[in-house]
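**Q** Pasting the sequence and the predicted coordinates here, then a few questions.
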Amino acid sequence: MPYKNLEERRKKYKENKDEINRKRREYSKNPKVRKRKSISYKKWRVDNLEKAKKITNDSVNKYRANKKKLVFDHYGRKCVCCGEENEGFLTIDHIKGNGTNHRKEIGNHIEIWLVKNNFPEGFQTLCFNCNWGKYNNGGICPHKDKKNL
């Protein structure tokens, strides 16, 4: 090891981080290296299946949570109908309805679709109660029915 201790190694990395990472990326593009890494990764995954599944699940959950955060940052963090702010109760609603057909078309993770499509118009934040009430009440939330009476 060319370094006297771990602190020296970390200091050197910190000073040359961009150059070191550039070289790593270039090295990783080499087809021989990619093939060797692929074989090694597949072998490790077979040998450590439970650990690999946990890592994958954690990674996917973190990715989805990040996308959900971006979506609520854009569309709002409270129900536009009743004002509920607890994120555990919030969901994204198709303003004009037709969410079932849209989900069949894009899959179940609308937050990923919304981010990839630059947060299109026609969506809003509702709590699950208002969203379900709107669905069962012909497109109008029961809260709004009471307000109009």
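**A** Ah, there it is.
**Q** Could you pull out the buried residues of the longest helix along the chain?
**A** As assigned by DSSP state H, the longest helix anywhere in the chain is helix 49-75. Neighbour counts over helix 49-75 (16 or more other Cβ atoms under 10 Å) mark Lys67, Lys68, Val71, Phe72, Tyr75 as buried. Quick note: C-beta positions are derived from backbone N, CA and C, even for glycine.
**Q** Can you name the element that comes right after it?
**A** strand 90-94 (DSSP states H and E).
**Q** how many degrees apart are the helix or strand containing Gln124 and strand 90-94 in direction?
**A** For Gln124, the element it lies in under DSSP H and E is strand 123-127. Between strand 123-127 and strand 90-94, the angle comes out at 140 degrees (axes from the mean of the first three to the mean of the last three Cα atoms, to 10 degrees).
**Q** Nearest residue to Pro110 in space, please, no chain neighbours.
**A** Not quite, residue 110 is Ile, not Pro. Nearest non-adjacent residue to Ile110, counting by Cβ to Cβ, 6 or more residues apart in numbering: Ile92, 5.6 Å away.
**Q** roughly how far apart are that neighbour and Lys11?
**A** 46 Å (Cβ to Cβ, to the nearest Å).
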